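Student: coords please:
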Amino acid sequence: MNVADEVKKVVEAHGARLYDTEVASENGQTVYRVYIMKEGGVDLDLCAEISRDLSPLLDVYPPVSDKYFLEVSSPGVERPLKKPEHFQNSLGEKVALKLSSGDKVKGTLSAFENNEAVLQTEHGEERYALDEIRKARTYYEW
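Tutor: Next up is the predicted model:
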């Protein structure tokens, strides 16, 4: 059984979409984070419902070998883009890229095709291959 697939099914049963999962260590504690998105936004009640439904599954099929805490939340307005589907789901949003060359680029993500992010920048359209992007995240101008 693939735990990630089962987590995705539980999230989707609540009308939400699984954005990503991660295992983090904070203050000597292991945290298994499940990031979700939903049209119209994610609220605390939805996170609690999904957490309540995930707990029994993860008790039987733990995502990590040690003791951990489960956390269900939204990835936020400013969220990391790690997978091709993250880029696909962020079309039209402002993104900041850190390239393997060390350069930083900001622009609006207009397309993601053939593993390339297409940004509209102040210099026009620019393309960046996924393998030359070291870090990417959406950003919001406050």
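Student: contacts for stretch 55-63, please.
Tutor: Met1, Val3, Glu6, Val7, Val10, Thr21, Val23, Tyr32, Tyr68, Leu70 (Cβ atoms under 8 Å, 6 or more residues apart in numbering). Glycine gets a C-beta too; all of them are placed from N, C-alpha and C.
Student: repeat the analysis, applying 10 Å as the threshold.
Tutor: 1-4, 6-7, 9-10, 21, 23, 30, 32, 34, 51, 54, 64, 68, 70, 72 (Cβ atoms under 10 Å, 6 or more residues apart in numbering).
Student: show me how this structure divides into domains.
Tutor: When the chain is parsed with automatic domain parsing, its domains come out as 3-73, 84-138.
Student: including mean neighbour count and mean pLDDT, could these go into a markdown table?
Tutor: Formatted as a markdown table, those follow (neighbours: other Cβ atoms under 10 Å; pLDDT from 0 to 100):
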| stretch | mean neighbour count | mean pLDDT |
| --- | --- | --- |
| domain 3-73 | 14 | 94 |
| domain 84-138 | 15 | 95 |
